[in-house]
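Peer 1: Sequence and predicted structure below; questions after.
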There are 2 protein chains.
Amino acid sequence: MRNLKDIDEGVIFPKGHKIADNHFIGTAWVEALVPMDRTFNCQVANVTFEPGARNNWHKHPSGQILLVTGGIGYYQEEGKPARMIQEGDVIKIHPYVKHWHGASPNCWLVHIAVITNPQKGDAVWLEPVEDEEYNNLK
Amino acid sequence: MRNLKDIDEGVIFPKGHKIADNHFIGTAWVEALVPMDRTFNCQVANVTFEPGARNNWHKHPSGQILLVTGGIGYYQEEGKPARMIQEGDVIKIHPYVKHWHGASPNCWLVHIAVITNPQKGDAVWLEPVEDEEYNNLK
């Protein structure tokens, strides 16, 4: 595995700009690799989470694929335990499955996110993953 | 950039199995990360080329996105000069554009390939990139 100390400088693809919305706890960055496009019908972004950062629970009408390129984090679907994810993991998120993802408390996480069928609509953002829940993950 | 000597052991995602068809010169490996699927409508594979390996000229009815995760290689579209590609490059290949990709003569190449709209049909394979053409690339 890549030296974890280096992850905050980016893993392969650019780190991009800080995400400035209220759907995250902690700081995360995003770089659009392939913008929304009617030809490819497929949106690709590189997302980097600092330790402790995670997005709120949300759903994609479209489905999403995560390709983890570095670090250690969590992925959780509603009604299931959180699973630890790391470099080399591939996560397929079916349309309308409520979920969240983010870094672990002590390590960065970097993943490519592929939004498939983006014409089906934007993510639906829900409640945050509160500290009490996040800090008790195993 | 990652130590190039390490690339033959894979970059992040599994190297998979040797490609056993006649659409390549030299040896390449493929691992299906997301198989063809009607839900996601998006096929993802990890492709690794040994130095000198390249695919034949071909076209995708569907369009393809390449996300280069390691090494140094070439991408060329018909009627244009070959361009050198490396870690961090993102290549958008429009439907029916005749092209090829592969490693450089002295270095491995690893990329993720995203086939968008795969329901539009399989790749159309054409003539090889002969040694005379490949060895004169700059």
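Peer 2: Great, that's in hand. Quantities reported herein were computed from a predicted structural model and do not represent experimental measurements. Numbers count the residues shown, from 1 in each chain, chains lettered A, B, ... in the order given.
Peer 1: how about the nearest residue to A:Cys107, chain neighbours excluded?
Peer 2: For A:Cys107, ignoring the flanking residues on the chain, the nearest one in space by Cβ to Cβ, 6 or more residues apart in numbering or on different chains is A:Ile72 at 4.2 Å. Any C-beta I mention is one placed from the backbone N, CA and C, and that applies to glycine too.
Peer 1: who's in contact with the one you found?
Peer 2: With contacts defined as Cβ atoms under 8 Å, 6 or more residues apart in numbering or on different chains, the neighbours of A:Ile72 are A:4, A:84-86, A:103-104, A:107, A:109.
Peer 1: Check the spacing between it and A:Val129 real quick.
Peer 2: The spacing between A:Ile72 and A:Val129, counted by Cβ to Cβ, to the nearest Å, is 16 Å.
Peer 1: circling back: which of the contacts of A:Ile72 are buried? Put it as a ChimeraX command.
Peer 2: Written as a ChimeraX command, the selection of buried residues from those, which uses 16 or more other Cβ atoms under 10 Å in any protein chain shown, is:
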select /A:85,103,104,107,109
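Peer 1: Single out whichever of the contacts of A:Ile72 has the smallest pLDDT.
Peer 2: Model confidence across the contacts of A:Ile72 bottoms out at A:Leu4, which has 57.
Peer 1: Pull up the gap between the residue nearest the centre of chain A and B:Met84, please.
Peer 2: For chain A, the residue lying nearest the average C-alpha position, counting by Cα atoms, centre = their mean, turns out to be A:His101 (4.9 Å). Note on A:His101: its distance to B:Met84, by Cβ to Cβ, is 34 Å.
Peer 1: Let me know how buried the closest residue to A:Ile19 other than its chain neighbours is, in neighbour terms.
Peer 2: With Cβ to Cβ, 6+ apart as the criterion, A:Ile19 has its nearest non-adjacent residue at 4.8 Å, and that residue is A:Ala28. Around A:Ala28 there are 22 other residues, counting by other Cβ atoms under 10 Å in any protein chain shown.
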